[in-house]
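Trainee: What would the 3D arrangement of this be:
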Amino acid sequence: MFNRFLLLCLLPWITTPIWGQVSQPSATATYQFTQGLAALTGSRYGREAIYTDPLAYQLYMGTLKQPTEGAVFGTDEQGREIKWVAVAADSLNRLRPRGSFRGNAGAPAGPGVTAGSLRGGLGGAGGYTYLTYESPREQVALLNIRGNSNVYVNGELHMGDAYSMGYLHIPVKLQKGRNDFYARGVLITANLSFPTQPALLRTDDPTLPSIRLGESNASLRGAVVVVNTSATPLTGLQLTSRLGGREQTTSVPTVPALSSRKVTFGFDGSAITNKGPQLAELTLVQKGKTLDKASVSIEAVAPGASYSRTFISQIDGSLQYYAVTPQSSGSASSSALFLSVHGAGVEASGQARAYKPKDWGNLVAATNRRPRGFNWEDWGRIDALEVLALAKEQFKPDPRHIYLTGHSMGGHGTWFLGATYPDKWAAIAPCAGYPTLKEYGSADGVIPDSSSNPLEQMLLRAGNQSDVLKLTTNYKPLGVYVFHGDADRTVPVTYARQMRKILGETQPDLSYYEYPGGSHWFGDHSVDWKPLFEFFTWHTIPVDSTINSIDFKTANPGISSTFRWASIEQQERPLIYSRIQLNRTRQGITGTTTNVALLKLALDQFGSKASVSITLDGQSAINHTTVTAHDTLLLRRDGNSWAVTGKPDRAQKGPHRNGTFKDAFNNRMVFVYGTRGTKEENDWNIQKARFDAETWYYRGNGAVDIVADTDFSLATYTDRGVVLIGNATNNAAWKLLLADCPIQIERNQLRAGSQQWQGDDLAAYFVWPIKNSATASVAVIGGTGLKGMRAASANQYFAGASGFPDFMIFGLDMVRSGSQGVRMAGFFDNEWKLTPTLTVVNGQKAGTE
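Mentor: Okay, the predicted model is just below:
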């Protein structure tokens, strides 16, 4: 799914990290893999909940044969043989085929299946590389592979380094004798190193603020990775920083066995008086014993220079950062705020430095959680909102002067965030952007949009909010400036022209410019374009009292529910597009609605003791009712009529918690793994928690608490999202969280309402609200037995813009056959009831919506 993004150029202004150089512990013995085997096994991972992976299927079924050169793995969709071919390290240690890549039926590969086209195996007919290592004894090693999506180490699944960043060092337990590695990807590099310490500090992927000269700098926070190479959790850790003669000590969370975690530490930069890199020494201590030492370089900057600032994210409690190019002069009380969202492979710090300071506002750049992150959707979207809120608090800008811009993937982010939150911006300016992921080359969907299969339609529906082209009417209140180089080969200018054509029919305020001869990046003015910022100066966000016409659309009120004085609180059909078109006069409100079950209207602009009438969809909802200032009216649809209703219980669905499986991965989430099963089940539960934690770290610069079921309590983790791994038989936390859920997974049995399935090869992903919490949910990842649990191993839910419904029940055969292996999928209703009309069973709707 990332192959198009791999083509994006890494530009000089984005490749130098703001933190400078880092120092690592002394090198340990290293083994470089120089030969192996590769095959185009045909794995397909897209932006839907399903995937197919023939090699994983054979591995899970226990039928995978050890590869040998020339051996036939299977056949492709055309019936041609898929063979294992030898690969060997080139001068850069990349494992390449010897000579031309010979794959299907032994024929030389055509241009579509060259080794280069298979980098990472990230879409299309993906491939695997098979490696082995003979270990003289049982031992722990650190595995570092670049260019792969994931890797099976002796059957255990671990995260891969798809973008070849180099900082993913995974502790793995080697057995004596042969160890098997199946890395999903071709043209990879791989090595093992052998640590001699139980804990390591890794400083090659730090999250650090700048030291701004002239400020106090006494309580700054950074983050580095702690690797636990031992078989027991590391507890009671402390991390001491020393900078300019000042020390601070920070308690470090538990790091599970054979895991790594990015941890936050405090440091005191108040003694620093000179700009430039400043070396901070770090010492990891446990009960007075030093476990490891390292150092990291932190940049000190002049007051007017661009800088980075760290904060604790409420998504997971991890340390993140945003970058700022501060206002050069002018009145702070009337200053503007520009939110800039970066492109794929770009650091927020580099994004901010591409802009010259403006005399009328501050520019802030969010991170998307990583340079590639989540495409500014899902947790990238939340990161942008967190940074926007922090920037408003820090700079206190004029609320009428808030603007959004971005480049490349950030151009998409601008289109997406602009359509999703049209009342947050005075104007938006996408640069070199594409509107939707599924229309861009990175989508690589497993399910075609044209599918007429009801179950596949249900799965596609879960991703509706990502389809910007369905939300273009939301741009009408905004000024829109489209900027694109006409010679751009990375994101062709046809995307800009597409949006110009669409918006030309409906958008009242549109400016468009193609830069002659402009490639994807033609200098800092690719983003810092003077006419763009002049366009911003002409636009302000009007106050609500002047907005008397609303046309707003959303697919998910849990993501976006409100425009101005109207809010879509609940839908009739979950994640089908909802729309409100309303007009306000002195006498009241009239308009039409589509797929709205509960509508909230703010009536404060009518004044005290006003007589108001409301007519919706041709039906009178209230007629000359007296309202008082600051009244809020809730209207519920019942058939073809509307009636005033009371405030719904927070236990119901609404903007605060509207479901979809991914919604639980928020609110400082915690992973809870089962320990009450068989050894094999318990092993899978903890391994799955580790794999998801590795993935969350790699994709989202995140850190998450991993807790055994017996250590979990609702009192300790109040209002925190929970990801429960296991089933009712082997996870002791199940009864606390899911006793009243209509979906129940037990050993060899799975029930969903009146539906029931038997066997050890069934699995499910589903979400459920946590009792006594108005916001938090639990996401369940589990199966009826080892085969079913393995079917749930993949974590496509961490892919940006991947659509997951409230629940999906499937078998191990999904790994082989895709949607044919899905038993049931759909959404709960607004009261979290399992309703046939919102469910598809075995490819057929159980009822009519």
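Trainee: longest helix anywhere in the chain?
Mentor: Of all the segments of type helix in the chain, defined by DSSP state H, the longest one is helix 679-700.
Trainee: That helix: how far from the chain's middle?
Mentor: Relative to the centre of its chain, helix 679-700 is centred 17 Å away, using CA atoms, centre = their mean, to the nearest Å.
Trainee: after that helix comes which helix or strand?
Mentor: Going down the chain from helix 679-700, the next helix or strand is strand 705-708, by DSSP states H and E.
Trainee: So which elements touch that following strand?
Mentor: With contacts defined as 3 or more CB pairs under 8 Å, 6 or more residues apart in numbering; DSSP states H and E, strand 705-708 has these neighbours: strand 670-673, helix 679-700. (Glycine included, C-beta is placed from N, CA and C.)
Trainee: repeat that for 6 Å
Mentor: Counting by 3 or more CB pairs under 6 Å, 6 or more residues apart in numbering; DSSP states H and E, the packing neighbours recorded for strand 705-708 are strand 670-673.
Trainee: And the contacts of the strand it packs on?
Mentor: Residues outside strand 670-673 that contact it (CB atoms under 6 Å, 6 or more residues apart in numbering): 685-686, 689, 704-707, 709, 712, 717, 720, 722-725, 733.
Trainee: per-residue confidence averaged over it?
Mentor: On average, the pLDDT along strand 670-673 is 98.
Trainee: repeat for stretch 547-566
Mentor: In this model, stretch 547-566 has an average pLDDT of 97.
Trainee: can you give me the end-to-end distance of it?
Mentor: Distance across stretch 547-566, first residue to last, is 11 Å (CA to CA, to the nearest Å).
Trainee: buried residues in it?
Mentor: By 16 or more other CB atoms under 10 Å, the buried positions in stretch 547-566 come out as 547, 550-566.
Trainee: Shouldn't P531 be within a strand?
Mentor: No - in this structure, P531 is helix, not part of a strand, as judged by DSSP: H, G, I helix; E, B strand; the rest coil.
Trainee: got the contact list for it?
Mentor: So P531 contacts nothing (CB under 6 Å, 6+ apart).
Trainee: Would you confirm that W415 contacts V468?
Mentor: Yes - W415 lies in contact with V468 (CB atoms under 6 Å); the separation is 5.0 Å.
Trainee: what ranges do the strands span in the stretch 351-500 of the chain?
Mentor: For the stretch 351-500 of the chain, the strands defined by DSSP state E, counting those that start in this stretch occupy 361-365, 402-407, 427-431, 479-485.
Trainee: Report pLDDT for E77.
Mentor: So, for E77, pLDDT stands at 84.
Trainee: Likewise for S450?
Mentor: Predicted confidence (pLDDT) for S450: 81.
Trainee: and it, how many residues sit next to it?
Mentor: S450 has 6 neighbouring residues, counting by other CB atoms under 10 Å.
Trainee: In contact with it: list those residues for me.
Mentor: Neighbouring residues of S450 by CB under 6 Å, 6+ apart: there are none.
Trainee: how much space between it and L460?
Mentor: 10 Å (CB to CB, to the nearest Å).
Trainee: thinking again about what came up before, show me which of the contacts of strand 670-673 is closest to P399.
Mentor: Checking the contacts of strand 670-673 against P399 with CB to CB, the nearest one is R720 at 31.7 Å.
Trainee: residues contacting that closest one?
Mentor: Neighbour list for R720: N667, R668, V670, A776 [criterion: CB under 6 Å, 6+ apart].
Trainee: out of the residues you listed, which is most surrounded?
Mentor: A776 (24 neighbours).
Trainee: Let me know whether that one touches N667 as I believe.
Mentor: Yes - at 4.8 Å, A776 counts as touching N667 under the criterion of CB under 6 Å.
Trainee: where do the contact lists of these two overlap?
Mentor: Common neighbours of A776 and N667, counting by CB under 6 Å, 6+ apart, are R720, G721.
Trainee: Going toward the C-terminus from the host helix or strand of F265, what's the next helix or strand?
Mentor: Using DSSP H and E, the element containing F265 is strand 259-267. For strand 259-267, the succeeding helix or strand toward the C-terminus, using DSSP H and E, is strand 276-286.
Trainee: Contacts for that next one, please.
Mentor: 20, 201, 236-243, 267, 272, 290-300.
Trainee: so where's this structure uncertain?
Mentor: For the chain, the stretches flagged by pLDDT under 70 are 1-28, 99-125, 330-333, 441-445, 608-609, 624, 627-630, 843-849.
Trainee: change it to 50
Mentor: 1-27, 101-124, 442-443, 846-848 (pLDDT under 50).
Trainee: quick one, longest strand in it?
Mentor: Using DSSP state E, we find that the single longest strand of the chain is strand 289-301.
Trainee: To K65, which of the strands of the stretch 351-500 of the chain lies closest?
Mentor: Comparison of the strands of the stretch 351-500 of the chain against K65 by CB to CB identifies strand 402-407 as nearest, at 47.7 Å.
Trainee: which residues sit against that closest one?
Mentor: Residues contacting strand 402-407 (CB under 6 Å, 6+ apart): 337-341, 343, 413-414, 418, 425-429, 431-432, 527, 536.
Trainee: now the angle from it to strand 427-431?
Mentor: In terms of direction (axes from the mean of the first three to the mean of the last three CA atoms, to 10 degrees), strand 402-407 departs from strand 427-431 by 10 degrees.
Trainee: Paired strands for strand 402-407, with orientation please.
Mentor: Each strand paired with strand 402-407, and its direction, by DSSP bridges: strand 336-341 (parallel), strand 427-431 (parallel).
Trainee: Most tightly packed of those strands?
Mentor: Counting by mean count of other CB atoms under 10 Å, strand 427-431 has the highest mean neighbour count of the strands paired with strand 402-407, with a mean of 27.
Trainee: Outside of that one itself, list whatever touches it.
Mentor: 403-405, 407, 411, 414-415, 418, 478-481, 483, 527, 532, 536, 539.
Trainee: Throw the contacts of R720 into CSV and include distance to P67 and secondary structure, thanks.
Mentor: Putting the contacts of R720 into CSV (distance: CB to CB, whole Å; DSSP: H, G, I helix; E, B strand; the rest coil) gives the following:
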residue, distance to P67, secondary structure
N667, 44, coil
R668, 43, coil
V670, 39, strand
A776, 45, coil
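Trainee: L736: neighbouring residues, count only.
Mentor: If we define neighbours as other CB under 10 Å, then L736 has 18 of them.
Trainee: what does G504 give?
Mentor: For G504, using other CB under 10 Å, the count is 10.
Trainee: What's the separation between it and V482?
Mentor: For G504 relative to V482 (CB to CB), the value is 11 Å.
Trainee: Ok, I188 next?
Mentor: On the measure of CB to CB, I188 and V482 end up 39 Å apart.
Trainee: cool, M409 as well?
Mentor: Going from M409 to V482 by CB to CB gives 16 Å.
Trainee: go on, P303?
Mentor: As judged by CB to CB, P303 and V482 stand 35 Å apart.
Trainee: Compare neighbour counts for those two and give me the winner.
Mentor: Neighbour count, other CB under 10 Å: between P303 and V482, V482 has more, with 25 against 11.
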